[in-house]
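Student: Okay, here's the prediction I keep looking at, along with the sequence it came from:
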Amino acid sequence: MARESFLSFSPPALSEAEVQAVMAVVKEGLWLSSGPKTKEFEQAFQKRVNAPAALALNSCTAGLHLAMAVHGVGEGDEMITTPLTFCATANVVEHLGGTTRLADIDRETLLIDPKEIERAITKKTKVITPVHYAGQPCDMDTINALAAKHGVKVVEDAAHCMPSKIGAKWVGDTENLATFSFYATKNITSGEGGMLTGSKALVDQARVLALHGLSRDAWNRFSKGASWKYDVVEPGYKYNLPDMASALGLAQLNRLDELYSARMAVVRLYENAFKDSKYLKLVRTRPDVQSSHHLFVILLNLDSLNIDRDQFIVELGERNIGSSVHYLPVHMLTYYAKKYGWTPESFPNAHWAFQRMVSLPLSSKMTTADAEDVVEAVDDICKKFAR
């Protein structure tokens, strides 16, 4: 039996604390753009993940772009990443005149395969960008060792990673530049926003580029006793995060443990319900990591069903269950397929996963009843269309 109301795929879990935090900035009316609240957000985030330094930005994409720029990516340089990521991971390299190279994924974890990275490395490789897909960290020991062996840099796409760990260390507790997202569907949100973490020297370089290449940021120029004088040391961008967004993000960060606990209750319910299903497969979690479980992805066993993935999603919608697909692989996007001559089969594991994957609703706002409705809908579809 279908739900009476539609269950959205990933609504934000907001409380009165977020409302009051944003209203305090508005009522004070002194710093609507980047100011003291943004500094506070940076410091709190840096402390939370034990990062060497942190820079608040208006998107994770901005962080990726700055990371590539700081590492000097330009014409003739290659960046290696996974095909199973949002287009932004590759787009930023294209903007800088670099070349995108892809390394296929592991079918069990859906993470970039280090063996494929090594095959893709050339003398032109400048950066490796592993994506911690769905919040599960990649095999960073192996990837960092590969980078050191070949003399290339590592930029971690950690858009899904609040909170994720490798062993006892948080993702972000590294000298590598890492980029986090606070988009509306993420585990914590500032509406739009991101954070760049990594070595202080690299983050300091990115900080200058993030605001037009100014020698000091606007807050410092307009604070009491500060000088209006500034210089532009290199042509930068407009990537700063305003205080209203930072206030929202900081309130969410303060609730992170509560939000993660609620999310994990849904994850455990899903795992227990689906672990023995012959109609679908769960993504394997690597040992000794904590996933943020930003996404809950199932892989359909198409040999056991009479419908494909797209029709499965239609059926979920008819039962008032929202869902999505993460992602249409980069090599199948028109721009990249045309530029590089890639076909769907160029990266067979990513193509295999794409044909089968469905992201089920997952949010800290979901109730047990919501999750049970999802399980009921999935089970009903599988039984109705079983071979």
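Tutor: Yep, that arrived.
Student: Now do the strands in the stretch 101-250 of the chain.
Tutor: Taking DSSP state E, counting those that start in this stretch as the test, the strands found in the stretch 101-250 of the chain are 125-129, 153-157, 165-166, 169-170, 177-181, 194-197.
Student: Out of the ones you listed, which is closest to N144?
Tutor: Closest approach to N144 among the strands of the stretch 101-250 of the chain (Cβ to Cβ): strand 153-157, 6.1 Å. The C-beta positions use only the backbone N, C-alpha and C, and glycine is treated the same way.
Student: Sort out which residues of the helix ranked longest in the chain are buried, please.
Tutor: Ranked by number of residues, the top helix in the chain under DSSP state H is helix 256-274. Using 16 or more other Cβ atoms under 10 Å as the test for burial, helix 256-274 gives L256, L259, Y260, A262, R263, V266, L269, Y270, A273, F274.
Student: Next: stretch 105-112.
Tutor: For stretch 105-112, a neighbour-count test (16+ other Cβ under 10 Å) marks I105, D106, R107, T109, L110, L111, I112 as buried.
Student: Make a markdown table from the buried residues of helix 256-274 and add pLDDT and distance to Y340 to it.
Tutor: Compiled in a markdown table, the buried residues of helix 256-274 are given as follows (pLDDT from 0 to 100; distance: Cβ to Cβ, whole Å):
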| residue | pLDDT | distance to Y340 |
| --- | --- | --- |
| L256 | 98 | 39 |
| L259 | 98 | 39 |
| Y260 | 98 | 38 |
| A262 | 98 | 42 |
| R263 | 98 | 37 |
| V266 | 98 | 38 |
| L269 | 98 | 41 |
| Y270 | 98 | 36 |
| A273 | 98 | 40 |
| F274 | 98 | 36 |
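Student: Make a markdown table from those and add distance to K383 to it.
Tutor: A markdown table is the format used below for the buried residues of helix 256-274 (distance: Cβ to Cβ, whole Å):
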| residue | distance to K383 |
| --- | --- |
| L256 | 38 |
| L259 | 33 |
| Y260 | 33 |
| A262 | 29 |
| R263 | 28 |
| V266 | 22 |
| L269 | 19 |
| Y270 | 18 |
| A273 | 14 |
| F274 | 14 |
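Student: returning to what we had before: export the strands of the stretch 101-250 of the chain to CSV and tack on mean pLDDT and distance to I381?
Tutor: CSV is the format used below for the strands of the stretch 101-250 of the chain (pLDDT from 0 to 100; distance: least, Cβ to Cβ, whole Å):
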stretch, mean pLDDT, distance to I381
strand 125-129, 99, 36
strand 153-157, 99, 32
strand 165-166, 98, 34
strand 169-170, 98, 37
strand 177-181, 99, 31
strand 194-197, 99, 36
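Student: can you list these in JSON lines and add mean neighbour count?
Tutor: Below are those laid out as JSON lines (neighbours: other Cβ atoms under 10 Å):
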{"stretch": "strand 125-129", "mean neighbour count": "23"}
{"stretch": "strand 153-157", "mean neighbour count": "25"}
{"stretch": "strand 165-166", "mean neighbour count": "18"}
{"stretch": "strand 169-170", "mean neighbour count": "18"}
{"stretch": "strand 177-181", "mean neighbour count": "30"}
{"stretch": "strand 194-197", "mean neighbour count": "29"}
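Student: Let me know which of those is the nearest to L55.
Tutor: Of the strands of the stretch 101-250 of the chain, nearest to L55 by Cβ to Cβ is strand 194-197, at 4.5 Å.
Student: Check which helices and strands the closest one sits against.
Tutor: Packing partners of strand 194-197 (3 or more Cβ pairs under 8 Å, 6 or more residues apart in numbering; DSSP states H and E): helix 36-49, strand 54-57, helix 60-70, strand 177-181, helix 200-210.
Student: The last one: which residues count as buried?
Tutor: When burial is assessed from 16+ other Cβ under 10 Å, helix 200-210 yields the following buried residues: L202, V203, Q205, A206, R207, V208, L209, A210.
Student: was I right about the third one contacting V70?
Tutor: Yes - checked against Cβ atoms under 8 Å, the pair Q205 and V70 is within contact range at 4.9 Å.
Student: For P114, give its distance to V152.
Tutor: P114 sits 13 Å away from V152, going by Cβ to Cβ, to the nearest Å.
Student: Actually, T334.
Tutor: Distance, T334 to V152, using Cβ to Cβ: 29 Å.
Student: repeat for I381
Tutor: As judged by Cβ to Cβ, I381 and V152 stand 45 Å apart.
Student: the more surrounded of the two?
Tutor: It is I381, of I381 and V152, that has more neighbours when counted by other Cβ atoms under 10 Å, with 23 against 20.
Student: Excluding residues flanking it in the chain, which one is nearest that one?
Tutor: Nearest residue to I381 in three dimensions, chain neighbours excluded: E315, at 4.6 Å (Cβ to Cβ, 6 or more residues apart in numbering).
Student: what's near enough to touch the one you found?
Tutor: For E315, the contact set (Cβ atoms under 8 Å, 6 or more residues apart in numbering) comprises I307, A377, I381, K384, F385.
Student: what does L305 give?
Tutor: Y279, F312, C382, F385, A386, R387.
Student: Hmm, which of the residues you listed is lowest in pLDDT?
Tutor: Lowest pLDDT of the contacts of L305: R387, 95.
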